[in-house]
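Asker: build me a model:
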Amino acid sequence: MTTALLVIDMQMGMADRIAAGREQANPGAEAHVASLLSLFRAEGRPVIHVLHDEAGTPFARDLPGGAPMPCALPLPDETVLWKSRSSAFAGTGLEALLRQRGIDRIVVIGAVAAFCVTSTVRAASDLGFQVILPGDALLAFDLPAHDGGRLDAATLLRVTLSLLGADFARLVTTDQVAAALAA
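Answerer: Numbers count the residues shown, from 1 in each chain. Reported below is the predicted structural model:
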């Protein structure tokens, strides 16, 4: 089984949210992202970065917010894809790239858990890829509730992981990824 690490939307716009004091569920997520990048690179496994590029948002590729975060800087030989939709599969050629390289399992990390990560994990599962999801390597923020008030970041991450773990991904921690890769 060939496994790739898929790093989603780890961009300076996310770092700006954190620096501004936005509530987040995983204060250690950046360190876990860096740790998993080190693991995959040390083992010579493929790493693919998918970054958000949307005009009129802080995540446009030509703006400072569109640049990769220091914890997730792509190396020159790593693939970087740009998306303008939620799923990393929408309009990026990711599925064809994975199939061309014989990759049938992905470890998904990055931002934001309830948005682009969720869309990507569900699409990957629907396309027949096995997904490993280390929940502690995901950025998760609070969100306004549809009926007023706010959903706190920890609850939102818990619900997101519960939904994805029920049918779309194997949930692990960063420390469990190496063992999951051997399985």
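Asker: please make it C-alpha for all contacts and neighbour counts, starting now.
Answerer: Will do.
Asker: the strands in this protein, which residues?
Answerer: Along the chain, counting by DSSP state E, strands occupy 3-8, 47-52, 79-83, 105-110, 130-134, 143-144, 150-151, 170-172.
Asker: E23: which of the ones you listed is closest?
Answerer: Nearest of those to E23, taken as CA to CA: strand 143-144 at 9.1 Å.
Asker: list the contacts for I106?
Answerer: T3, A4, L5, L6, F129, Q130, V131, I132 (CA atoms under 8 Å, 6 or more residues apart in numbering).
Asker: need the strands of the chain in JSON lines with distance to T160 and mean pLDDT, can you?
Answerer: Below are these laid out as JSON lines (distance: least, CA to CA, whole Å; pLDDT from 0 to 100):
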{"stretch": "strand 3-8", "distance to T160": "16", "mean pLDDT": "98"}
{"stretch": "strand 47-52", "distance to T160": "20", "mean pLDDT": "98"}
{"stretch": "strand 79-83", "distance to T160": "22", "mean pLDDT": "98"}
{"stretch": "strand 105-110", "distance to T160": "14", "mean pLDDT": "98"}
{"stretch": "strand 130-134", "distance to T160": "11", "mean pLDDT": "98"}
{"stretch": "strand 143-144", "distance to T160": "13", "mean pLDDT": "94"}
{"stretch": "strand 150-151", "distance to T160": "12", "mean pLDDT": "94"}
{"stretch": "strand 170-172", "distance to T160": "11", "mean pLDDT": "98"}
